[in-house]
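[1] Mind looking at a prediction? Sequence and model below.
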Amino acid sequence: MRQRTMNEWGSVARFIRFILMFALLTLTSTVYADEEHWRSGRTLSVNAVPATGPNRMCDKPLFLLPKPFPPTTGFSFLGEYDPVPGAVDAIPLNDSNCVSETVLATTTNPDFQGFFGFPDADIRLKNIPLRDVPVLAGLDGSRAQLPAQGDVPPNPLPPVRSKPDYPITLGHWSSVRGKLKLRCHDDGTTSVKVELHSLIPNGMYTLFGIWKTKAPGTDNTTFLPVAFGGFPNAVVADEKGKGKFKRELNYCPLDQTPDGSVLMFVDLAYHADSNPHGGFPFTPLGTSTFIDNNGETFESTRPAGIVTFVQAAFPITVSRLP
């Protein structure tokens, strides 16, 4: 076999370098084009703000709301678990217990219930640690608390809670991190990307836009949570608490819609019952059958603070308070 000369080997080497450089330039151009596509036009990039309810972290407002709302309107949907036997409700979150060690529990907000005229939940659904919230467990749609993996033999029934199942504290809850990026296109549509970190591992989440809009069937301005980016709007965190959400919108969130509505902020809702609720984050007027630990059944509504909780918010057209 004829041996290649040094000149021939040099030609081969130059050809290989050409191919590699061409591939690198092609990849770089593609990445650059993608970045330019994202950065051009009207854009917004905002970080997640930890919350315990819409426009609330413990008892403090997060954003300034537009008129006609009082500027610091907001509601906390979480409380501190009260371990005292016979306690009928969680302890409200305030400066004294808004600390990392606080174990979070279910509660309802009387101001929120009164603002919208929603009926309250059965007292037996309050002061329940988030890990123990009743879930859909019966073929008839009834809800009950589930045992943790390892607490019962590994048989098909009863269903169990997945791990990890340690108590959810305010420290873990408020460690949530995330970024929402949006780009409004010239044709009126919008590209949205959301990256989330430090969620409840394997937790069920949904994203909801909180709108300043007219209440259905009235001329009264209210704020209304609606599935963000269309339905379904769910995110399931992985075992490390990471999640992603990507959507194309048919409007620009930075603009007023044709009917005068304004998207104020986007809430990240945690579903402790692992059950998304469709176009709204909770169903305050519907009732479910619950089975308590004694086997007795009762009917109750499922207002905010019983199965659904706001863990973070992304400001869109509102100003963040210092």
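    That came through, no problem. Numbers count the residues shown, from 1 in each chain.
[2] Just the mean pLDDT for stretch 179-192, thanks.
    What stretch 179-192 shows for mean pLDDT is 95.
[3] So for it, what gets flagged as buried?
    Neighbour-count burial for stretch 179-192, counted by 16 or more other Cβ atoms under 10 Å, picks out 180-184, 190-192. All C-beta atoms are positioned from the backbone trio N, CA, C, and that covers glycine.
[4] Likewise for stretch 83-91?
    Per 16+ other Cβ under 10 Å, stretch 83-91 contains these buried residues: 90-91.
[5] Kindly check the end-to-end length of that stretch for me.
    One end of stretch 83-91 to the other measures 10 Å (Cα to Cα, to the nearest Å).
[6] list the contacts for the closest residue to residue 135 other than its chain neighbours?
    Closest residue to residue 135 apart from its sequence neighbours, by Cβ to Cβ, 6 or more residues apart in numbering: residue 273 at 4.6 Å. Residue 273 sits next to 133-136, 143, 307-308 when contact means Cβ atoms under 8 Å, 6 or more residues apart in numbering.
[7] Residue 84: which of those is nearest?
    Nearest to residue 84 among the contacts of residue 273 is residue 133, at 19.8 Å by Cβ to Cβ.
[8] mind showing which ranges of the stretch 1-150 of the chain have poor pLDDT?
    Residue ranges of the stretch 1-150 of the chain with pLDDT under 70: 1-41.
[9] Going by residue numbers, what spans are strands in the stretch 201-322 of the chain?
    Under the criterion DSSP state E, counting those that start in this stretch, strands of the stretch 201-322 of the chain are mapped to 204-214, 221-227, 234-236, 243-249, 262-271, 283-291, 297-302, 308-315, 319-320.
[10] just to revisit the earlier point, which pair of the buried residues of stretch 179-192 spans the longest distance?
    Greatest spatial distance among those (Cβ to Cβ): 180 and 184, at 13.4 Å.
[11] Next up, the contacts around the spatially most central residue of the chain.
    The C-alpha lying nearest the average C-alpha coordinate of the chain belongs to residue 268 (Cα atoms, centre = their mean; 2.2 Å). Counting by Cβ under 8 Å, 6+ apart, residue 268 touches 48, 176, 178, 196, 205-207, 310-314.
[12] burial measure for residue 251, as a count.
    By other Cβ atoms under 10 Å, 15 other residues sit near residue 251.
[13] and what of the one 3 residues further on?
    Under the neighbour criterion other Cβ under 10 Å, residue 254 is assigned a count of 15.
[14] Kindly list the main-chain dihedrals of it?
    With angles defined as degrees, to the nearest 10, residue 254 sits at phi -80, psi -10.
[15] how far away is it from residue 45?
    Distance of residue 254 to residue 45, given as Cβ to Cβ, to the nearest Å: 12 Å.
[16] Same check on residue 171?
    From residue 171 to residue 45 the distance is 27 Å (Cβ to Cβ).
[17] mind listing what residue 66 touches?
    Residues near residue 66 by Cβ under 8 Å, 6+ apart: 212, 262, 264, 317-318.
[18] same thing but 7 Å
    Applying Cβ atoms under 7 Å, 6 or more residues apart in numbering to residue 66 gives the contacts 212, 262.
[19] name the element it belongs to?
    If you go by DSSP states H and E, residue 66 is not part of any helix or strand.
[20] any idea how far it is from residue 321?
    Counting by Cβ to Cβ - residue 66 and residue 321 are separated by 14 Å.
[21] what number of residues lie near residue 74?
    Quick note: residue 74 (other Cβ under 10 Å) scores 25 neighbours.
[22] excluding its backbone neighbours, what's nearest it?
    Of all residues not flanking residue 74 in the chain, residue 55 sits nearest, at 3.1 Å (Cβ to Cβ, 6+ apart).
[23] Same check on residue 251?
    That would be residue 257: by Cβ to Cβ, 6+ apart, it lies 5.9 Å from residue 251.
[24] can you check residue 80 too?
    Distances taken as Cβ to Cβ, 6+ apart place residue 91 nearest to residue 80, at 4.1 Å, with adjacent residues excluded.
[25] Let me see the contact set for the one you found.
    Contacts of residue 91 (Cβ under 7 Å, 6+ apart): 79-80, 82, 97.
[26] cool, residue 48 as well?
    Shown in contact with residue 48 (Cβ under 7 Å, 6+ apart): 176-179, 268, 312, 314.
[27] and if you look at residue 307?
    Applying Cβ under 7 Å, 6+ apart, the residues near residue 307 are 133, 271-273, 282.
[28] can you list the contacts of residue 48 in CSV and add distance to residue 249?
    Shown next, in CSV, are the contacts of residue 48 (distance: Cβ to Cβ, whole Å):
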residue, distance to residue 249
176, 23
177, 23
178, 18
179, 17
268, 17
312, 20
314, 14
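[29] Correct me if wrong: the residue nearest to residue 74 contacts residue 64.
    No - when contacts are counted by Cβ atoms under 7 Å, residue 55 is not listed as touching residue 64 (9.3 Å).
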